[in-house]
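Engineer: kindly return the folded structure for what I paste below:
(4 chains)
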Protein chains: 2
Amino acid sequence: MTRISGTFVRSLRPARSSGGSKRMNTWQSIRNDVLERIRSREWEPGELIPTEEQLAQEMGCARATVNRALRELAESGIIERRRKVGTRVAATASRRTTLEMPVIRTEVEAMGAAYAYLLTSFGMAEPSPEAARALQLDSNQPLLLVKAQYLADDQPHCCEAIWLNTAVLPQISRDDVTETPAHEWLASNMPLTHGRFAILADGATGDCAVNLRIPEGTPVLTIERTNWSNTAAVSFSRQFYPPQHRLVSEE
Amino acid sequence: MTRISGTFVRSLRPARSSGGSKRMNTWQSIRNDVLERIRSREWEPGELIPTEEQLAQEMGCARATVNRALRELAESGIIERRRKVGTRVAATASRRTTLEMPVIRTEVEAMGAAYAYLLTSFGMAEPSPEAARALQLDSNQPLLLVKAQYLADDQPHCCEAIWLNTAVLPQISRDDVTETPAHEWLASNMPLTHGRFAILADGATGDCAVNLRIPEGTPVLTIERTNWSNTAAVSFSRQFYPPQHRLVSEE
DNA sequence: AAGTGGTCTAGACCACTAA
DNA sequence: TAGTGGTCTAGACCACTTA
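Structural biologist: Numbers count the residues shown, from 1 in each chain, chains lettered A, B, ... in the order given. Modelled structure (predicted):
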């Protein structure tokens, strides 16, 4: 490295206008290069690929840039990385995708419809077996059960049931969930550290069928959500959407 | 900065064993710090937070570290970033979660069940309206329609229909999809650049009900997938899962 | 003990965009 | 045109894991 009057002259980024054949080394280009080598089976599933150091040298860029590219691929589940061992092409073509879980108010308003939230039930109740299992609590310890529905232009858009573990929560009153969903109250009153989603198809039953104004047994898209605050189970909820509702992800 | 015998002595990482009160500045700790300030409403939804430069100075770390922390938060949808403008707390509490979309073989074998793939139909057909719309093609241009089902211990686990745009695909024969799913053939024969998932609940109909051995109208979890290779529409598929099947994501 | 990925730093330039 | 995020670099140290 050459030093001039107290500062560095580092190897400059390749000039774009110099008409040369130097190629850009963005992390995206490196990611694409790696992806193409995987697709073409130059590197096969389960196989170790070169180390970051080797790739950086080969591609003429910094190791950090290779790291950035490979990190993205690892987050997509395309490669698997372990210290000391190296980086492998994932053995199975499993893929991850990111799903938008919107707040229902936003979702409804994005449709250009009038949003309304309606509390339909509030009180202590023994948890359902699913709720107890999800929260890892005894099924005879009563929890706060809040039921509500969401309307879009007065048509049922979604209904939900949420069990709240009052043992670990600040005082919550009916007023707190009369105007705004329990999830919003939770988000600003508990530091939620992690959670779990499950998505399934189920037939509408009981309150769900009534609130959504659909016959019993109609397919409903069901989203279960469990929230934790460190080691404390905080809440378990089920939201039900009538047919035609889609969860969408681009990638 | 002090220079000694041709090299730098930079400000060293805080020593852990020096008994001092210096705290570590990992990107995770900065992310958590920012998260806590958002949760506590120190920074409210819609509000601009300090610039990377300011945060780096305040927290005593490099801007790149702040950038890494904020990038993660932006990817989760918690904050929104725009050049020249700055970083805002997301106005809506919308959340993103990453979903595992496993290859079915892996999924079945993880259950400890015997996996089997069965081709049930192969031939040119006019696309359904949904398929034509998803692929942005004329509905009178015939596409290759491949139907298949997956078994776990000889019980139906999932069935699928996939439309392939032969106009942009290499030659594909029945043999290519007799033993292995069309998706696997696609993955190694086309450079897929982007795609789209939709998840919904629907009632089983026709072939789907027959193949899954369930009554018509039974709720089935439906996963639609559209694949693109640059600007070319490549495939549209629908996979159907019987009730009780769950898509799960941890976060 | 040694190899590999994970991360931090200081500095630089670039890209986008509101004013 | 100026301000902010996006990225690249060279170097360093750390963390985890296998040998």
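Engineer: near chain B, which residues of the stretch 1-150 of chain A are found?
Structural biologist: A:36, A:39, A:41, A:75, A:77, A:92-103, A:105-106 (C-beta under 8 Å from any C-beta of the partner chain). (Each C-beta comes from the backbone N, C-alpha and C, glycine too.)
Engineer: tell me, how many residues neighbour residue A:220?
Structural biologist: Neighbourhood size, residue A:220 [other C-beta atoms under 10 Å in any protein chain shown]: 26.
Engineer: and the closest residue to it other than its chain neighbours, what does it touch?
Structural biologist: With sequence-adjacent residues excluded and distances taken as C-beta to C-beta, 6 or more residues apart in numbering or on different chains, residue A:220 is closest to residue A:240, at 4.4 Å. Residues near residue A:240 by C-beta atoms under 8 Å, 6 or more residues apart in numbering or on different chains: A:158, A:159, A:160, A:202, A:204, A:208, A:212, A:220, A:221, A:222.
Engineer: at 6 Å what do you get?
Structural biologist: Contact partners of residue A:240, counting by C-beta atoms under 6 Å, 6 or more residues apart in numbering or on different chains, are A:159, A:208, A:220, A:222.
Engineer: so what's the first one bridging to?
Structural biologist: According to DSSP bridges, the residues that bridge with residue A:159 are residue A:149, residue A:240.
Engineer: what do you get for the third one?
Structural biologist: In this structure, residue A:220 bridges to residue A:202 when assessed by DSSP bridges.
Engineer: so who does the residue in the stretch 101-250 of chain A positioned nearest to DNA strand C touch?
Structural biologist: Closest contact between the stretch 101-250 of chain A and DNA strand C, by C-beta to the nearest atom of the strand, is at residue A:194 (17.1 Å). Residues near residue A:194 by C-beta under 6 Å, 6+ apart: residue A:228.
Engineer: do that again at 7 Å, thanks
Structural biologist: Contact analysis of residue A:194 by C-beta atoms under 7 Å, 6 or more residues apart in numbering or on different chains lists A:228, B:251.
Engineer: quick one, phi/psi of it?
Structural biologist: Main-chain dihedrals, residue A:194, degrees, to the nearest 10: phi -160, psi 170.
Engineer: so what's it bridging to?
Structural biologist: As for beta bridges, residue A:194 partners with residue A:228 under DSSP bridges.
Engineer: which residue ranges of the stretch 151-251 of chain A form helices?
Structural biologist: With DSSP state H, counting those that start in this stretch as the criterion, the stretch 151-251 of chain A has helices at A:182-189, A:206-212.
Engineer: tell me the buried residues in the longest one?
Structural biologist: So the one you mean is helix A:182-189. Residues A:182, A:183, A:184, A:185, A:186, A:187 are the ones in helix A:182-189 that count as buried (16 or more other C-beta atoms under 10 Å in any protein chain shown).
Engineer: what sits against the residue lying closest to residue A:211 once chain neighbours are set aside?
Structural biologist: Ranked by C-beta to C-beta, 6+ apart and with sequence neighbours excluded, the top spatial neighbour of residue A:211 is residue A:159, at 4.2 Å. Listed by C-beta under 7 Å, 6+ apart, the contact partners of residue A:159 are A:149, A:208, A:211, A:212, A:240.
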